[in-house]
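Novice: A structural model of the following input is requested.
(chains A and B)
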Number of protein chains: 2
Amino acid sequence: MKLLVQKFGGTSVANAERIHRAARRAIKAKNDGYSVVVVVSAMGGATDDLLDLAGQINSNPPRRELDMLLTTGEQVSIALMAMAISAAGHEAISLTGGQIGLITDAVHTKARIQKIDAERIRKEHAAGKIVIVAGFQGIDETGEITTLGRGASDTTAVALAAVLGAERCEIYTDVDGVYTTDPRIVHAARKIDRISYDEMLEFASLGAGVMHSRAIEFGKKYNVDIHVRSSLTDTEGTLITKEVKQMENIVVSGVTLKTDMAQFLLQDLPDDPGVAAGVFASVAEAKVAVDDIIQTVGDSAKASISFTVEKNDLAECRLVCDKIAKQYNIKSVECVSPVSKVSIVGVGMKSHTGVALTMFKALANAKVNINAITTSEIKISCLVNPEQGEQALKAIHSAFELDD
Amino acid sequence: MKLLVQKFGGTSVANAERIHRAARRAIKAKNDGYSVVVVVSAMGGATDDLLDLAGQINSNPPRRELDMLLTTGEQVSIALMAMAISAAGHEAISLTGGQIGLITDAVHTKARIQKIDAERIRKEHAAGKIVIVAGFQGIDETGEITTLGRGASDTTAVALAAVLGAERCEIYTDVDGVYTTDPRIVHAARKIDRISYDEMLEFASLGAGVMHSRAIEFGKKYNVDIHVRSSLTDTEGTLITKEVKQMENIVVSGVTLKTDMAQFLLQDLPDDPGVAAGVFASVAEAKVAVDDIIQTVGDSAKASISFTVEKNDLAECRLVCDKIAKQYNIKSVECVSPVSKVSIVGVGMKSHTGVALTMFKALANAKVNINAITTSEIKISCLVNPEQGEQALKAIHSAFELDD
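Specialist: Numbers count the residues shown, from 1 in each chain, chains lettered A, B, ... in the order given. Model prediction:
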């Protein structure tokens, strides 16, 4: 029997009316002949409310207890969803992460899935029920309640789709799908019909993610078709799927703008093995997440390393850099903040030439200066002055003929 | 090692400040050398909020899903309580009903405890932790989440005290203890220091219950000392304990007033075997809970049955009585509503004479007419006109020298 996983995010189950709407979607799929698994997040705002409560009591709560607390959010949602389906005259059963045997490691608040026992879900499907599963949560081998990290209901949904051999995984959210760029900035942004896992992963890491990276990685690994769509309309959304030949005809799938970053520049470092490792060990030790890294070697066998971090980590990172400067006896640490990063993403650029040139020309025509450039196989990023970020985004979006 | 169970009700964990206060009590007990189990209810109002949500979605939600929903309330409380104890620098661990192996039957929303596996709690105690347990909830043999009925966190606490061989079970609530009567009506009401399980059970059934009857029954069955006290002060409360000789010196422990009742009178019923059974089968079928029953037989071998119900059930019960009247071909069904019931309770009345007389005299002096009388071994109840209820209460309280 064909099987469908539908995941509803927090905004899609934020109140009774929306829960009923989501229930109708699940019932429709059932009536269309699918065995249905519905994965739900906590009701919009519920998790933040719980975190706020925890914060009033303990500014640094034990992670185990955070998991105990936060998993109630999804448990509320699954019960209500089952009630909504039942109110419409259909059979449903809600199941916690523990009840479906979603076993994780014991790393509270960011556990990783180790296995899922599909047996219980199969049994309930055989009994004709729509199965409602709490996203985001699991248990470890000893029965302790764990969570997979914020936003990880997507991961639960895709993992279930993989284990159960679902036809696809539908992610219902408050946007229509994945856009060529942020439609709030570029009104001419277009919805993308199909996108590859890799492109979507780049989007996610560039902050334009409708979805959680780990869910996309899961989808890629197990080849699960993921359909991101609006819970409010019946419009087709965006299909995240494996890369196929015709995708390469589209050189650039989308353009992203990441703001509020800070760029550090360490000059005159010794050009010796282990220097980069030393630098980033110090940064990692301070729990600062590094975005892009650029290293160049100058004339005098001195290296300069530049990297970007979130502006939030600026103060922390400056302290680290001062330490590094002392360690390597270099004079100055330069820091530019804030900076913005504009990027193009597309699997097509692997087989097309002149893509970078088109991007740089667009920026030049828009009189946007480029502070730094980094590239990956399917991505080109430029650091720009934050005042020119939106202008850069529009120019590039237009240059690659992505405008609607 | 001596062991203490402390139970905190919804008002005692209603906000961060109160949770911290409750945590301090648990820590104090730990510092006093006890292994401590803390049982908590859902935060005040949380259960009603969840029921309201459920009601918006399904007016008759499946009981299994209600249990799935409502158990989140206690799960939130245990996590927050563990965080509060941790914030004060002590080790704590929160455990759900399932995690302590509290196994119930499969009757959702009113499951009964079948067994409790004390092993997990003992292990955590051995590790020096304060153990926080979610009240009200358990799992059945198949792992389905169940609840023990509203207010049943008391039952969880007393049951745990029994299983673990606790020195006593402390029930923290928003009142100082059990009073000789309702202090809001009779200002001269006194707090009772010690009361027997049986008296407390009568109090509970008379609506004067600070505690859930099932918890008291558990306490009686397993001889658990239960200390009901305020979570806001350090004042000693009331000890509910087994009946001892000196309790009999106190003839009457307390006086109660139950309002908003309705009295039905079925006259001229045939005085045959099975008639009473027939009548109350019909009433039970309509899910109307009956309070007191009085049957008398008149001259003509006709019986008359009178019984009281909650005023809320009046309309439902009238329909049932009309059916019964038709069935037995009797003319009229009389109904008096509202009526109030004033009762005295005391184990001492088993060994003292003239107790009823003192009560009736007190009512007579206060010019209160008695509509009906029922008695048990340790209780005498009189139905009175609701306008005279408080007056009756005060008169009796004073007549038995209970005034402070």
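Novice: Remind me what the longest strand seen in chain A packs against, helices and strands.
Specialist: Counting by DSSP state E, the longest strand found in chain A is strand A:254-270. Using 3 or more C-beta pairs under 8 Å, 6 or more residues apart in numbering or on different chains; DSSP states H and E, the elements in contact with strand A:254-270 are helix A:197-205, helix A:275-285, strand A:302-310, helix A:314-328, strand A:333-345, helix A:389-399. Any C-beta I mention is one placed from the backbone N, CA and C, and that applies to glycine too.
Novice: Report the buried residues of whichever helix or strand comes after the first one.
Specialist: In this case it means helix A:197-205. Tracing the chain C-terminally past helix A:197-205 and defining elements by DSSP states H and E, one meets helix A:213-222 next. Neighbour-count burial for helix A:213-222 flags A:Ser213, A:Arg214, A:Ala215, A:Ile216, A:Glu217, A:Phe218, A:Gly219, A:Lys220 (criterion: 16 or more other C-beta atoms under 10 Å in any protein chain shown).
Novice: give me the number of residues near the closest residue to the third one other than its chain neighbours?
Specialist: Setting aside the residues directly before and after it, A:Ala215 is nearest to A:Asp154 in space (C-beta to C-beta, 6 or more residues apart in numbering or on different chains), at 3.6 Å. Applying other C-beta atoms under 10 Å in any protein chain shown, we find 30 residues neighbouring A:Asp154.
Novice: secondary structure class for A:Asp154?
Specialist: helix (DSSP: H, G, I helix; E, B strand; the rest coil).
Novice: Doesn't A:Val224 belong to a helix?
Specialist: No - assessed with three-state DSSP, A:Val224 is coil; it does not lie in a helix.
Novice: Secondary structure element holding the closest residue to it other than its chain neighbours?
Specialist: Leaving out its chain neighbours, the residue that sits closest to A:Val224 by C-beta to C-beta, 6+ apart is A:Ala161, at 4.7 Å. For A:Ala161, the host element (DSSP H and E) is helix A:153-164.
Novice: between the helix or strand following that helix and helix A:213-222, what angle do the directions make?
Specialist: Counting by DSSP H and E, the next helix or strand C-terminal to helix A:153-164 is strand A:168-173. Per axes from the mean of the first three to the mean of the last three C-alpha atoms, to 10 degrees, the angle that strand A:168-173 makes with helix A:213-222 is 170 degrees.
Novice: What angle do helix A:153-164 and strand A:168-173 make with each other?
Specialist: 170 degrees.
Novice: what sits up against strand A:168-173?
Specialist: For strand A:168-173, the external contacting residues (C-beta atoms under 8 Å, 6 or more residues apart in numbering or on different chains) are A:4-9, A:11-12, A:22, A:25, A:154, A:157-158, A:160-161, A:210-211, A:215, A:219, A:224-231.
Novice: can you list contacts of the helix or strand containing A:Leu363?
Specialist: Using DSSP H and E, A:Leu363 falls within helix A:355-365. Under the criterion C-beta under 8 Å, 6+ apart, residues A:251-252, A:342, A:344, A:346, A:348-349, A:370, A:375, A:380, A:382, A:384, A:392, A:395-396, A:398-400 lie in contact with helix A:355-365.
Novice: Just the buried ones among those residues, please.
Specialist: Buried subset of those (neighbour count, 16+ other C-beta under 10 Å): A:251-252, A:342, A:344, A:346, A:348-349, A:380, A:382, A:384, A:392, A:395-396, A:398-400.
Novice: what's around the closest residue to chain B within the stretch 101-250 of chain A, how many residues?
Specialist: For the stretch 101-250 of chain A, the nearest residue to chain B under the criterion C-beta to the nearest C-beta is A:Gly143, separated by 6.3 Å. Residues contacting A:Gly143 under the criterion other C-beta under 10 Å number 13.
Novice: where's the closest residue in space to it that isn't next to it in sequence relative to A:Ser94, distance?
Specialist: Spatial nearest neighbour of A:Gly143, excluding adjacent residues (C-beta to C-beta, 6+ apart): B:Gln99 at 6.3 Å. Distance, B:Gln99 to A:Ser94, by C-beta to C-beta, to the nearest Å: 19 Å.
Novice: Look at these two and report which has more neighbours.
Specialist: Per other C-beta under 10 Å, whichever of B:Gln99 and A:Ser94 has more neighbours is A:Ser94, with 29 against 23.
Novice: Tell me who's in contact with the more buried one.
Specialist: Applying C-beta under 8 Å, 6+ apart, we find A:Ser94 in contact with A:Gln75, A:Ile78, A:Ala79, A:Met81, A:Ala82, A:Ile132, A:Val133, A:Ala134, B:Glu65, B:Met68.
Novice: The third one: what secondary structure?
Specialist: Translated: A:Ala79. Per three-state DSSP, A:Ala79 ends up helix.
Novice: where are the low-confidence patches of chain A?
Specialist: For chain A, applying pLDDT under 70 flags the ranges A:208-209.
Novice: Around chain B, pick out the residues from it.
Specialist: A:16, A:19-20, A:50, A:53-54, A:56-59, A:61-62, A:64-66, A:68-69, A:71-72, A:75-76, A:78-80, A:82-84, A:86-87, A:93-94, A:96, A:98-99, A:143, A:145 (C-beta under 8 Å from any C-beta of the partner chain).
Novice: which of those residues are buried?
Specialist: Buried by 16+ other C-beta under 10 Å: A:16, A:19-20, A:50, A:53-54, A:56-58, A:61-62, A:64-66, A:68-69, A:71-72, A:75-76, A:78-80, A:82-84, A:86-87, A:93-94, A:96, A:98-99, A:145, out of these.
Novice: Just the ones of the residues you listed in helices?
Specialist: Counting by DSSP state H, these place A:16, A:19-20, A:50, A:53-54, A:56-57, A:64-66, A:68-69, A:71-72, A:75-76, A:78-80, A:82-84, A:86-87 in helices.
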